[in-house]
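Chemist: Generate coordinates for the sequence data below:
(one chain, ligands or ions: 1)
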Amino acid sequence: MSMKDKINIQCRRCGKSIEVNKWSAVNGDKNPDLKEKILSGELFTAKCKSCGNVSQLGYPMVYNDPTENIMIWLVFDDDEIGHIRSYYKTCKTQSDENGKTVDKECRLRIVRNTYQLREKIMIADCGLDDKMVELAKLAYAKSTQQTNSGEKIAVSFFSSESGNNRIEMYCESGKAFVAVLSDEVMKKLEDKYGGKASYAEDRVYIIDDVWALDLIRQYEAEH
Ligand SMILES: [Zn+2]
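Modeler: This next block holds a predicted model:
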């Protein structure tokens, strides 16, 4: 089930009140329309009827998709992360937003912004392992920086369009690079780090660049 509240925000340009839907829970399987709006970013924007200005919204949400077996918490407050972790640590089975028991093997993730939420949903849609994708993002950033000296990748994202999986990289200079994510690279990463990466299932939840760097560091120390 998806759940929403109606809230009012103030237009940043003209100051008029805008009524917006704030979704606290989205079920991507039952509400593909809402899922599409997360992917397009529309669910996190509000357009002012008076002046047309579009405001960006950021609010916590839990996204789940029972068919893909994922639950993603979008969290802005650091304290909230601790609450989620301790909640799942103490419960023997996982529950969805309605308290209904879900598959124990459900992939649980915590993300810190709407871009990461979008990315995790796309990775799951493509049937990929987000741990391997995070490692691939680092590998592509490294090779891109090596072939483009002076450039420093500030942030990178996985994206997929009509079956083409890509890594989008944005540099501190403002330049952007796009690389095709090859199956061969994914296979190599899986062979090298797959065994080590399985520890990620051990209630880590935040799978990002920090996690990937930490995993590589641990792997290097052992080999
Ligand atoms: Zn306005």
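Chemist: Kindly export the top strand by length along the chain (C-alpha atoms) in PDB.
Modeler: Assignment by DSSP state E gives strand 17-27 as the longest strand of the chain. The C-alpha trace of strand 17-27 is given here as PDB (Å, rounded to 0.1, in the frame of the first residue of the first chain):
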ATOM      1  CA  SER A  17       0.900  28.400  -0.600                       C
ATOM      2  CA  ILE A  18       1.300  25.200  -2.700                       C
ATOM      3  CA  GLU A  19      -0.600  22.100  -1.700                       C
ATOM      4  CA  VAL A  20       1.600  19.000  -2.200                       C
ATOM      5  CA  ASN A  21       1.300  15.300  -1.700                       C
ATOM      6  CA  LYS A  22       4.000  14.000   0.600                       C
ATOM      7  CA  TRP A  23       4.300  10.200   0.200                       C
ATOM      8  CA  SER A  24       5.500   8.400   3.300                       C
ATOM      9  CA  ALA A  25       5.300   5.000   1.700                       C
ATOM     10  CA  VAL A  26       5.300   3.900  -2.000                       C
ATOM     11  CA  ASN A  27       4.700   0.400  -3.200                       C
END
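Chemist: so Ile153 makes contact with Glu168?
Modeler: No - counting by C-beta atoms under 8 Å, Ile153 stays clear of Glu168, with 10.1 Å between them. Every C-beta, even on glycine, is put in place using the N, C-alpha and C of the backbone.
Chemist: joint contacts of those two?
Modeler: Common contacts of Ile153 and Glu168 (C-beta atoms under 8 Å, 6 or more residues apart in numbering): Phe177.
Chemist: Would you mind pulling up the elements that the longest strand of the chain packs against?
Modeler: Here strand 17-27 touches strand 3-10, helix 32-40, strand 45-47, strand 61-65, going by 3 or more C-beta pairs under 8 Å, 6 or more residues apart in numbering; DSSP states H and E.
Chemist: what distance separates it from the centre of its chain?
Modeler: Remark: strand 17-27 is offset 19 Å from the chain centroid, using C-alpha atoms, centre = their mean, to the nearest Å.
Chemist: that older thread, deepest in the core, which of the helices and strands packed on strand 17-27 is it.
Modeler: strand 61-65 (a mean of 23; mean count of other C-beta atoms under 10 Å).
Chemist: Each with direction, which strands does that one pair with?
Modeler: strand 17-27 (parallel), strand 70-74 (antiparallel) (DSSP bridges).
Chemist: how far off helix 32-40 does the last one point, in degrees?
Modeler: This means strand 70-74. 50 degrees (axes from the mean of the first three to the mean of the last three C-alpha atoms, to 10 degrees).
Chemist: Any buried residues in strand 70-74, and which?
Modeler: Ile70, Met71, Ile72, Trp73, Leu74 (16 or more other C-beta atoms under 10 Å).
Chemist: Ok, stretch 53-62 next?
Modeler: Ser55, Leu57, Met61, Val62.
Chemist: Need the strands paired with strand 61-65 in CSV (columns: distance to the ion and mean pLDDT).
Modeler: Shown next, in CSV, are the strands paired with strand 61-65 (distance: least, C-beta to the ion, whole Å; pLDDT from 0 to 100):
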stretch, distance to the ion, mean pLDDT
strand 17-27, 7, 95
strand 70-74, 26, 93
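Chemist: Let's have the ones you listed in a markdown table, adding distance to Phe177.
Modeler: Converted to a markdown table, these look like this (distance: least, C-beta to C-beta, whole Å):
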| stretch | distance to Phe177 |
| --- | --- |
| strand 17-27 | 32 |
| strand 70-74 | 27 |
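Chemist: Can you tell me which of the buried residues of stretch 53-62 comes closest to the ion?
Modeler: Closest approach between the buried residues of stretch 53-62 and the ion, by C-beta to the ion: Ser55, at 8.5 Å.
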